[in-house]
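[1] no sequence on this one, just coordinates:
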């Protein structure tokens, strides 16, 4: 259970650090680039340590394995094909990871750390919907109820506080929700067909691609690189990396059906509490209800 607590703390730290970086006026592209630099360098070290570059082709060609994987049944690719699949899918996932991180920072500035952290965890709804459509993974009645609660929470957050109850889209929150969900769906696409033992190559391509995109925007926007921005980026990159590390450690001793809902709900509660205590954020009544609904929905959707 201690690993799960560490994962929750690291996940919450990302949102808190984004809020802090907004207060000290950092360059978000520099912060994001430094974050991904740490991540992809760490991935390279893991690839070298596990000697993945020595994996030789086995069986048929990569394209024949792709055909089998996309066909009926639950075919899992060979080690070499899994590495190749990671090289192909990784850059696509990297675009979603980068975009979601950018909107995470924007949302923290526009909506506060509490709501931003809440909607970042709502992303699991996106892969759930695509899984229903593509792989016919029909949710249970309880999970369906969780999806309904999520939709209600989204409507509440986008509902105006005016007396006419006008509905207006909160762009940064909805973008965070969708892009974060697509990043999670990219992970699922890799894990659906490839051996998870070779996920380091996939993660390297994810973080390296995101780093290249973010670096491009540094030069495009002519951002000034400072030690402060790099330090914040490294600080974000460390919990970003160890969130996954500790969650994997937790899953080795705790059932996924318990770990994931506790992780999602726990992170939301810590972020919300931190927003109120550390940054004196005021949460409206409807947003308190929306946050509570999201906590319940995440637990139900992971059952």
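    Sure, I can see it. What you see is a predicted model; the values in this text were computed from it and never measured.
[2] confidence score at residue 228?
    We have a pLDDT of 88 for residue 228.
[3] correct me if wrong, but residue 224 is in a helix.
    No - counting by DSSP: H, G, I helix; E, B strand; the rest coil, residue 224 falls outside a helix, being coil.
[4] can you pull the contacts of it?
    residue 27 (C-beta atoms under 8 Å, 6 or more residues apart in numbering). C-beta here means a position set from N, CA and C on the backbone, and glycine is covered the same way.
[5] distance of it from residue 35?
    18 Å (C-beta to C-beta, to the nearest Å).
[6] low-confidence ranges in the stretch 201-303 of the chain?
    Judged by pLDDT under 70, the stretch 201-303 of the chain has its weakly predicted residues at 248, 251-252, 255-261, 302-303.
[7] can you give me the helices for it?
    Under the criterion DSSP state H, counting those that start in this stretch, the stretch 201-303 of the chain contains helices at 227-251, 256-279, 285-301.
[8] which residues sit against the longest one?
    Right, helix 227-251. Helix 227-251 has contacts (C-beta under 8 Å, 6+ apart) with 1, 3-4, 6-7, 9-11, 13-14, 17-18, 20-21, 24, 26-27, 30-39, 42, 259, 263.
[9] quick one: list the elements packing against the longest helix that the chain contains.
    Longest helix in the chain, counting residues (DSSP state H): helix 79-120. If contacts are counted by 3 or more C-beta pairs under 8 Å, 6 or more residues apart in numbering; DSSP states H and E, helix 79-120 sits against helix 2-23, helix 28-49, helix 62-70, helix 171-193, helix 199-220, helix 256-279, helix 285-301.
[10] got the angle between it and helix 199-220?
    Helix 79-120 runs at 60 degrees relative to helix 199-220, counting by axes from the mean of the first three to the mean of the last three C-alpha atoms, to 10 degrees.
[11] check which element follows helix 79-120 along the chain.
    helix 125-135 (DSSP states H and E).
[12] give me the buried positions along that next one.
    Within helix 125-135, the residues that count as buried by 16 or more other C-beta atoms under 10 Å are 125-128, 130-131.
[13] quick check: the gap between the spatially most central residue of the chain and residue 70.
    Nearest to the mean C-alpha position of the chain, counting by C-alpha atoms, centre = their mean, stands residue 180 at 5.2 Å. Distance of residue 180 to residue 70, given as C-beta to C-beta: 26 Å.
[14] same check, this time on residue 286
    Residue 286 is 44 Å from residue 70, by C-beta to C-beta.
[15] with neighbour numbers in mind, choose between the two.
    Higher neighbour count among residue 286 and residue 70: residue 286, with 15 against 10, using other C-beta atoms under 10 Å.
[16] reformat the helices and strands packed on helix 79-120 as JSON lines; add distance to residue 240.
    Converted to JSON lines, the helices and strands packed on helix 79-120 look like this (distance: least, C-beta to C-beta, whole Å):
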{"stretch": "helix 2-23", "distance to residue 240": "6"}
{"stretch": "helix 28-49", "distance to residue 240": "6"}
{"stretch": "helix 62-70", "distance to residue 240": "29"}
{"stretch": "helix 171-193", "distance to residue 240": "12"}
{"stretch": "helix 199-220", "distance to residue 240": "9"}
{"stretch": "helix 256-279", "distance to residue 240": "13"}
{"stretch": "helix 285-301", "distance to residue 240": "20"}
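[17] out of the ones you listed, which is closest to residue 102?
    Smallest distance to residue 102 across those (C-beta to C-beta): 6.5 Å, for helix 28-49.
[18] identify each buried residue in that closest one, please.
    Using 16+ other C-beta under 10 Å as the test for burial, helix 28-49 gives 28-40, 42-43, 47.
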